[in-house]
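Trainee: Sequence unavailable; structure follows:
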């Protein structure tokens, strides 16, 4: 399915419009992120499908930030799904990346993946290849909303109790770009304790996801304790959408409610 | 300009989680869990997530040192190995082989660990050998 993507990247590299293309490559059955600087390498390009569609996604946006810091004057292209595009929009608004230095090469996710992700928009506007899939319903959040408060609290308390504080949810998050992290603030969360303060630790992170979480689900995939983090942050997104009318990553210029500084 | 990820394995314990080292222009800048590793399936613990830190740590011991007058001083491999061999021999002769214990590491290869247990059992003559992966 990657013919058009390869063609587009080849052309961009040949015309000198980009220094490299940040995507995924396959080597000996392993799929890993890679910066393609030479068109010859493109034969090994992968779309992140290992056992099933899109099951081998990596935080490419996070690596793009590293590249932009090292080479601020260069332009790069990047492989994006619907969620990655939403992420880039937010990162542009949060001034972590310069919009004119990033070229989006979009792939659409098949309905099977969109359903597994319960994705609101499983394709990017920069769609180049792949389907323009259909929106999937948010069933997990709805099923939790049906519980009464006490039942729901017990549910989350039990989930958070399995946390081994690997910080993988934060480390893999393409939207966690702070130099200093509240989760490592000893005055707020005691160090050397597992599980970490329950529910403070997870709720602090959930609140920090306001206007940032673009629902890529990498956190939940990286969690060794299988905590349904994605469902938690989906609920955060739902509240922000309902209370502030803000849908993270959907608008190019509208800023998140946590990113507005009013000078009076 | 070069940015790539290199497949490797976590050296901290005996699980052998697959990880990807992010390499920017020849320097390791980060670690990611390998999603295609059947062992950890895209997950890591807090130690694995920070593997890149010890590789580039300025505190990392990269040359032999010998303690002289209570301070560690840079030394040559020849001097350090000669001193270790002489002292191990002296201790073995004076107190017996079971007075010596050997701790090896998950950060070594399987072959290096084999060699060290062979050295412990055959050269020193004790079964006192253990490994940090059993912690």
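Mentor: Arrived safely, thanks for sending. These figures come from a predicted structure and were not determined experimentally. Numbers count the residues shown, from 1 in each chain, chains lettered A, B, ... in the order given.
Trainee: Which residues of chain A lie near chain B?
Mentor: Within reach of chain B by CB under 8 Å from any CB of the partner chain, chain A has these residues: A:19-20, A:22, A:27, A:29-35, A:37, A:50, A:55-59, A:63, A:66-67, A:70-71, A:74, A:164-168, A:171-172, A:221-224. C-beta: built from backbone N, CA, C; applies to glycine.
Trainee: can we see that at 7 Å?
Mentor: For chain A, the contact set with chain B under CB under 7 Å from any CB of the partner chain comprises A:19-20, A:29-35, A:37, A:50, A:56, A:58, A:63, A:66-67, A:70-71, A:164-168, A:171, A:221-224.
Trainee: Among these, which lie within strands?
Mentor: Of those, the ones assigned to strands by DSSP state E are A:20, A:30-35.
Trainee: Which pair of these spans the longest distance?
Mentor: Spanning the widest gap among these are A:20 and A:30, at 20.4 Å by CB to CB.
Trainee: Looking at the two, which is more packed in?
Mentor: residue A:20 (24 against 18; other CB atoms under 10 Å in any protein chain shown).
Trainee: Can you verify my assumption that residue A:99 contacts residue A:92?
Mentor: Yes. If you go by CB atoms under 7 Å, residue A:99 and residue A:92 touch, sitting 4.5 Å apart.
Trainee: if we can go back for a sec, relative to residue A:232, which of the ones in strands among the residues of chain A next to chain B is nearest.
Mentor: Distances from residue A:232 to those, taken as CB to CB, are shortest for residue A:33 (26.2 Å).
Trainee: before we move on, back to that, for residue A:239, state which of the ones in strands among the residues of chain A next to chain B is nearest.
Mentor: Residue A:239 has its nearest neighbour among these in residue A:33, at 32.3 Å by CB to CB.
Trainee: need the longest helix for the chain.
Mentor: All of this is about chain A. Counting by DSSP state H, the longest helix found in chain A is helix A:229-244.
Trainee: meant chain B, my bad for not saying
Mentor: Per DSSP H, chain B has its longest helix at helix B:77-95.
Trainee: what's the pLDDT at residue A:258?
Mentor: Turning to residue A:258, the model gives it a pLDDT of 79.
Trainee: residue contacts, it?
Mentor: A:210-211 (CB atoms under 7 Å, 6 or more residues apart in numbering or on different chains).
Trainee: Contact residues of chain B facing chain A?
Mentor: B:1, B:3-5, B:7, B:20, B:22, B:24, B:29, B:32-36, B:42-46, B:49.
Trainee: still on that earlier bit, looking at residue A:99 and residue A:92, which one has more neighbours?
Mentor: Per other CB under 10 Å, whichever of residue A:99 and residue A:92 has more neighbours is residue A:92, with 17 against 12.
Trainee: Hmm, residue A:101 and that one touching each other?
Mentor: No. Counting by CB under 7 Å, no contact exists between residue A:92 and residue A:101, whose distance comes to 9.9 Å.
Trainee: quick one, phi psi at the closest residue to chain A within chain B?
Mentor: Nearest to chain A, among the residues of chain B, is residue B:3, at 3.8 Å (CB to the nearest CB). The phi/psi pair for residue B:3 (degrees, to the nearest 10) reads phi -130, psi 120.
Trainee: Low-confidence stretches in the stretch 151-264 of chain A?
Mentor: Across the stretch 151-264 of chain A, nothing is flagged by pLDDT under 70.
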